[in-house]
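Novice: how would this look folded up:
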Amino acid sequence: MKRAAILALACLNAVLLLALVFSSGTPRALGQGYVPWDYLIVTAQQPGSNSQTVYVIDLVKGSLAGLGFDQGKKVLYPLGEPRNLRSDFRGGAR
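Specialist: Residues are numbered from 1 along each chain as shown. Next up, the predicted model:
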């Protein structure tokens, strides 16, 4: 009886080890693939107001988005539409 229990546990361990080896390959969902240095974030204080401004530059897409943060209300809000910096610097937007 004792020998059968040890053999059963050894087989179970082997099956679990094989399941672990075959399931630990490359992950199936790698996310968006963004890395921390894809973005540049600059903060600024709006003079005479209780709001902070956060500018987010996407270095891969070449876009700039402005966000305001009202500290009193604890609300984050967009400041207009994101800008395409590549076309802006080429003179595309006037």
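
Novice: so R3 is in which element?
Specialist: Assigned by DSSP states H and E, R3 falls within helix 2-23.

Novice: So which elements touch that helix?
Specialist: Contacting helix 2-23 under the criterion 3 or more Cβ pairs under 8 Å, 6 or more residues apart in numbering; DSSP states H and E is no other helix or strand. For the C-beta atoms, the positions are set from N, CA and C on the backbone; glycine is no exception.

Novice: quick one, helices of the protein?
Specialist: With DSSP state H as the criterion, the chain has helices at 2-23, 85-89.

Novice: out of the ones you listed, deepest packed?
Specialist: Sort the helices of the chain by mean neighbour count, taking mean count of other Cβ atoms under 10 Å, and helix 85-89 sits at the top with a mean of 13.

Novice: what residues does it touch?
Specialist: Residues outside helix 85-89 that contact it (Cβ atoms under 8 Å, 6 or more residues apart in numbering) are I57, G62, S63, L64, A93.

Novice: pLDDT at the closest residue to the second one other than its chain neighbours, what is it?
Specialist: Taking Cβ to Cβ, 6 or more residues apart in numbering as the measure, G62 lies nearest to R86, with 4.2 Å between them; neighbours along the chain are not counted. With respect to pLDDT, R86 scores 88.

Novice: Thank you, goodbye.
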